[in-house]
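Visitor: got a structure for you, letters missing:
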């Protein structure tokens with residue numbers, strides 16, 4: 001027998017399977033809503049469009065967004081994978097409230113305490129729920145935007 005057959009099969013945590021299934025069902029609906037005149041129904045959500053670093057595929061991901069002066073802040077759970085494309089600055093397009101913005105996205109290197117403080121400053125509602133434990137599970141991506149003409 002080979003070593004691969006001797007290993008027990010990898011099991012995904014139940015929550016991750018449920019989360020993945022919800023994402024596969026919900027994201028197509030949310031993408032269509034964000035591209036439609038009904039985009040106002042999803043106030044704090046934007047459509048992030050980019051080209052995958054390794055795959056070269058065009059991708060579109062609904063993301064939570066907060067405003068920070070001229071920049072936009074995207075929040076993701078660490079277990080998601082899309083944010084890994086932005087470990088170095090990478091060009092993106094955001095569709096937010098009917099407007100399209102070009103920019104460069106990059107992951108912010110921040111401690112859980114800094115993430116919790118940023119969430120509290122930018123979104124009082126998220127800040128109340130944003131304990132350091134939850135903030136440790138979050139990744140912050142800053143998008144420097146310039147308005148399309």
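Guide: Sure, I can see it. Since this is a predicted model, take the numbers as computed values, not measurements. Residues are numbered from 1 along each chain as shown.
Visitor: remind me which residues of the chain are low pLDDT?
Guide: Scanning the chain for pLDDT under 70 picks out 1-18, 124-133, 147-149.
Visitor: what segments of it are helices?
Guide: Along the chain, the stretches classed as helices by DSSP state H are 3-6, 14-34, 112-122, 124-129, 132-136.
Visitor: residues in contact with the longest one: which ones?
Guide: Same thing as helix 14-34. When contacts are defined by C-beta atoms under 8 Å, 6 or more residues apart in numbering, helix 14-34 is touched by residues 39, 41-42, 45-47, 60-62, 79, 95. Glycine gets a C-beta too; all of them are placed from N, C-alpha and C.
Visitor: among these, which ones are buried?
Guide: By neighbour count, with 16 or more other C-beta atoms under 10 Å, those hold 39, 45-47, 60-62, 95 as buried.
Visitor: in strands only, show me those residues.
Guide: 45-47, 60-62, 95 (DSSP state E).
Visitor: from those, which two are the most distant?
Guide: 45 and 60 (12.4 Å; C-beta to C-beta).
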